[in-house]
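1. no sequence on this one, just coordinates:
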C-alpha cells in the first residue's frame, strides 16, 4: 500500500470515531498523513469535534451516521465515505457495544444487537471496504478492534465475548482470503482503556490504580491508537492475521489473579 503522490492522499475510515479509541485513532491517522472518514451512532457533536481535530492536522474529514443495529444497510456508510473522499485504503472497525447482564437474564434483543454491532457489522463493513480496495488495485489495511475478551471470558458479557471471539477468528479468515489482493487484516485487542465505554473519558490514567494489571493502571486511548496506526501503515506490510493485545499485561495474569482471589465477588456483575 504505497500510494504515489499523483494518486492522492490515503484515506482511512474509522467507525465509531466520535469518542474514545475511535477518535484517538482518527486523529493519529490524520497526523500520519491520511484523510479520515468518521462515523457516529449517537454523538453527532462528538463526531464533529473529531473532524475538527482531523482538519487541524491539515487533512480532510468526512462525517456520516452509522447505526450497526440497522443491518445490512448500515454498512453503506463505508461506501458513502469512500465516495466523498475519493477512495478507501484503511478500514478500522472500531464501533462497538457491550453488556453487563448475567447469561440467564440476557434478553434476545440485547444478544442480537451486540452481535450485530460487534461482529456482523464489522463483517459487512469489511466486505464493502475490501471490494473498494480490490477495485482500486493498491491493496489496503483492515484493522478490527476486538478486546481482551476476544481471548478470555468475562462474567456478564456473554454476547460481547461471543462477538469479539468471533471477530478474532473472522480477522484470521479475512487475512487468508484477502492476502492475494495485498490487503492485510489484523485485530487489536484492548484491555481496560479510559474511554466513555468504561466511564473514564479524558481521565489521567496515571492517577488510576489497577493492582491486578502488571503496569498498574488502565490504558489511554492514544496508546491503542498507536498500535492501530502501525498496523495501518507501511511498516506493517508483512503483518497479517494477528491479534495485537494492548492491555498492560492483564491477560498474562490469568492463573496468578485466579489463585489470589479472596472471595466470590467475581461471580457477580
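-> Okay, I see it. These numbers come from a predicted model, not from an experiment.

2. Residue 65 contacts residue 42, correct?
-> No: in this structure residue 65 lies outside contact range of residue 42 using C-beta atoms under 8 Å: 9.5 Å. C-beta here means a position set from N, CA and C on the backbone, and glycine is covered the same way.

3. Please say which of the two ends up with more neighbours.
-> Using other C-beta atoms under 10 Å, the more surrounded residue of residue 65 and residue 42 is residue 65, with 13 against 10.

4. Which per-residue confidence value corresponds to the more buried one?
-> Among the per-residue scores, residue 65 holds a pLDDT of 98.

5. what about it, distance to residue 229?
-> Between residue 65 and residue 229 the computed distance is 25 Å (C-beta to C-beta, to the nearest Å).

6. I would like the residues contacting the helix or strand of the chain with the lowest mean pLDDT, please.
-> In the chain, no helix or strand scores lower on mean pLDDT, DSSP states H and E than helix 254-259, which sits at a mean of 85. Applying C-beta atoms under 8 Å, 6 or more residues apart in numbering, the contact partners of helix 254-259 are 152, 212.

7. Neighbouring strands - and their directions - for the longest strand belonging to the chain?
-> Criterion DSSP state E: the longest strand present in the chain is strand 183-190. According to DSSP bridges, strand 183-190 has the following sheet partners: strand 140-145 (parallel), strand 243-246 (parallel).

8. what's downstream of the first one, the next helix or strand?
-> Elements were assigned by DSSP states H and E; along the chain past strand 140-145, the next helix or strand is helix 158-178.

9. Run through the residues that contact residue 214.
-> Residues in contact with residue 214 (C-beta under 8 Å, 6+ apart) are 248-250, 252-253.

10. out of those residues, who has the most neighbours?
-> Most neighbours among the contacts of residue 214, by other C-beta under 10 Å: residue 248, with 24 neighbours.

11. Checking that residue next. Helix, strand or coil?
-> coil (DSSP: H, G, I helix; E, B strand; the rest coil).

12. What distance do you get for the closest residue to it other than its chain neighbours to residue 243?
-> Distance criterion C-beta to C-beta, 6 or more residues apart in numbering; nearest residue to residue 248, sequence neighbours excluded, is residue 215 at 3.7 Å. Going from residue 215 to residue 243 by C-beta to C-beta gives 19 Å.

13. With neighbour numbers in mind, choose between the two.
-> Neighbours were counted for residue 215 and for residue 243 using other C-beta under 10 Å; residue 243 has more, 18 against 13.

14. Now for that one: which residues touch it?
-> Here residue 243 is in contact with 146, 150-151, 168, 171, 186-189 (criterion: C-beta under 8 Å, 6+ apart).

15. since we're on residue 263, how many residues are nearby?
-> Close neighbours of residue 263, defined as other C-beta under 10 Å, add up to 6.

16. State the distance from it to residue 157.
-> In terms of C-beta to C-beta, residue 263 sits 20 Å off from residue 157.

17. hang on, the earlier thing: from the contacts of residue 243, which two are the most distant?
-> 151 and 186 (14.4 Å; C-beta to C-beta).

18. okay, those two: which has more neighbours?
-> Between residue 151 and residue 186, counting by other C-beta under 10 Å, residue 186 is the more crowded of the two (24 against 18).

19. isn't the more buried one right next to residue 238, touching?
-> No: here residue 186 does not reach residue 238: they are 11.5 Å apart, not a contact under C-beta under 8 Å.
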